[in-house]
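Colleague: have a look; sequence and predicted model below, questions after that.
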Amino acid sequence: MPVLSYVHQLFNADQCHAYIHTLRWKDRLLQCPRCQRLNVGPWGAYHAQPGLKRYRCKAQGCQRTFNDLTGTLLDGSKRSVMHWILAIFLLCLSCSSRRIARELGVHVRTGYRWCWWLRNAALSYEMERQLEGTVEADELYHTAGQKGQAKQGGKRPLGRRPRGRRKKREPGRGHYDKDRPAIIAWVSRQGAVVLQATKDFTVQTVQKAAELAVHTGSRLYTDSASSYRALKGYVHDSVNHTQKEYARGDVHENRAECLFSLLKPYLRVFRGLSKTNLPGYVGFFQFLRNFRQLNAFEQAELILQAALDPMIASRAKKGEFVQCFDHFELLQTARN
Ligand SMILES: [Zn+2]
């Protein structure tokens, strides 16, 4: 086997751990992760993880040991930090979890779990994003079924014939129950984007989505879909595609359409999506898009920094950031 297939072993363990050390304690002093006191000192090293330093809290009543990974997403992993760093880098190059698993030599399920945790960590940067100024909006219906939703894995527990990944579209407008949920894109002319996967495209959903994504009072340019026309709280103008009108002076939504032309090939890589996971994929694409000025290494550093924050790590493992992206759940609870 070529040496390059062990690329993570070419990394220097000491350097990687020094890098993780600076990244984790960059914004705070070295402190005990349990009692937050600063009275800590070095306490040897680990046999199994060369390069990882151990510390001990000297405070009375605590005296516990910890290391640079305690409480982070990487905590307790059997794989080295070099595996993780490479995985994050490949994730930023929009590789699928299976591809990452193969390149790293880890199990497919490990790759899948890592990808979800890391995507969730990246979403922590996108929680507060709201657009203002001139914003374009457009919607897309994406085929997404029940991939990977069988209870014990495998095909039988689905309770029906497996339909395969090339799911045929049902006629008419897409809907979550028809396995074709909607994706709404809000693109600011200043460059930032917000993407939302929604169950349907009704007036209520679009109103709620707009309030979350766009500052009230902003100028909105859309196509002539009726759900946009009913929007309240925005200065609205639209082009009529059915009359072959795609731009009228400043009024157009070409940026939003362009964004979809980038989103579609990004989602194709995964070879079929589960509709429950769609908000996570779409949210991560939003992260990549909003930090597109950075190269993949710099994006990976942002994600690693989030993954090394114990607060973000515990929320990312629970998938809390994605659930906030799932606006229909919010909508449904509001209605009940
Ligand atoms: Zn302590």
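Modeller: Thanks, I have it. Keep in mind the model is a prediction, meaning the values are calculated, not measured.

Colleague: hey, let's count contacts and neighbours off CA atoms from now on
Modeller: Fine.

Colleague: got the residues of the stretch 1-150 of the chain near the ion?
Modeller: Listed as neighbours of the ion in the stretch 1-150 of the chain under the rule C-alpha under 5 Å from the ion: 32, 35, 57, 62.

Colleague: which residues touch whichever residue of the stretch 151-300 of the chain sits closest to the ion?
Modeller: Nearest to the ion, among the residues of the stretch 151-300 of the chain, is residue 300, at 30.4 Å (C-alpha to the ion). Residue 300 makes contact with 85, 88, 89, 92 under the criterion C-alpha atoms under 8 Å, 6 or more residues apart in numbering.

Colleague: which secondary structure element contains the first one?
Modeller: For residue 85, the element it lies in under DSSP states H and E is helix 81-92.

Colleague: packing partners of that helix?
Modeller: helix 7-10, helix 13-24, helix 97-104, helix 296-307 (3 or more C-alpha pairs under 8 Å, 6 or more residues apart in numbering; DSSP states H and E).

Colleague: distance of the closest residue to residue 266 other than its chain neighbours relative to the ion?
Modeller: Computed as C-alpha to C-alpha, 6 or more residues apart in numbering, the closest residue to residue 266 that is not its neighbour in sequence is residue 94, at 7.0 Å. According to C-alpha to the ion, to the nearest Å, residue 94 stands 39 Å off from the ion.

Colleague: leaving out the residues flanking it, which one is nearest to the residue nearest the centre of the chain?
Modeller: Nearest to the mean C-alpha position of the chain, by C-alpha atoms, centre = their mean, lies residue 284 at 2.9 Å. Leaving aside its sequence neighbours, residue 284 sits nearest to residue 119 (C-alpha to C-alpha, 6+ apart; 5.9 Å).

Colleague: my guess is the one you found meets residue 282, correct?
Modeller: No: look at residue 119 against residue 282 with C-alpha atoms under 8 Å: they stay out of range, at 10.2 Å.

Colleague: between these two, which one's more packed in?
Modeller: Remark: of residue 119 and residue 282, residue 119 carries more neighbours, 26 against 22, as counted by other C-alpha atoms under 10 Å.

Colleague: helix/strand/coil for that one?
Modeller: Here residue 119 takes the helix state, with states given by DSSP: H, G, I helix; E, B strand; the rest coil.

Colleague: list the contacts of it.
Modeller: Here residue 119 is in contact with 280, 281, 284 (C-alpha under 8 Å, 6+ apart).

Colleague: any chance of those in a markdown table with pLDDT and distance to residue 294 as columns?
Modeller: Shown next, in a markdown table, are the contacts of residue 119 (pLDDT from 0 to 100; distance: C-alpha to C-alpha, whole Å):
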| residue | pLDDT | distance to residue 294 |
| --- | --- | --- |
| 280 | 90 | 21 |
| 281 | 93 | 20 |
| 284 | 95 | 15 |
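
Colleague: pull the number of nearby residues for the residue of the stretch 201-336 of the chain found nearest the ion.
Modeller: Residue nearest to the ion within the stretch 201-336 of the chain (C-alpha to the ion): residue 310, separated by 15.2 Å. Around residue 310 there are 18 other residues, counting by other C-alpha under 10 Å.

Colleague: with residue 202 instead?
Modeller: The tally of other residues near residue 202 (other C-alpha under 10 Å) stands at 14.

Colleague: same question, the one 3 residues further on
Modeller: Here the neighbour count serves as a burial measure; for residue 205 (other C-alpha under 10 Å) it reads 17.

Colleague: that one looks like it's in a strand, true?
Modeller: No: according to three-state DSSP, the state of residue 205 is helix, so it is not within a strand.

Colleague: wait, doesn't it sit right on residue 196?
Modeller: No: contact criterion C-alpha under 8 Å: residue 205 and residue 196 do not qualify, at 10.6 Å.
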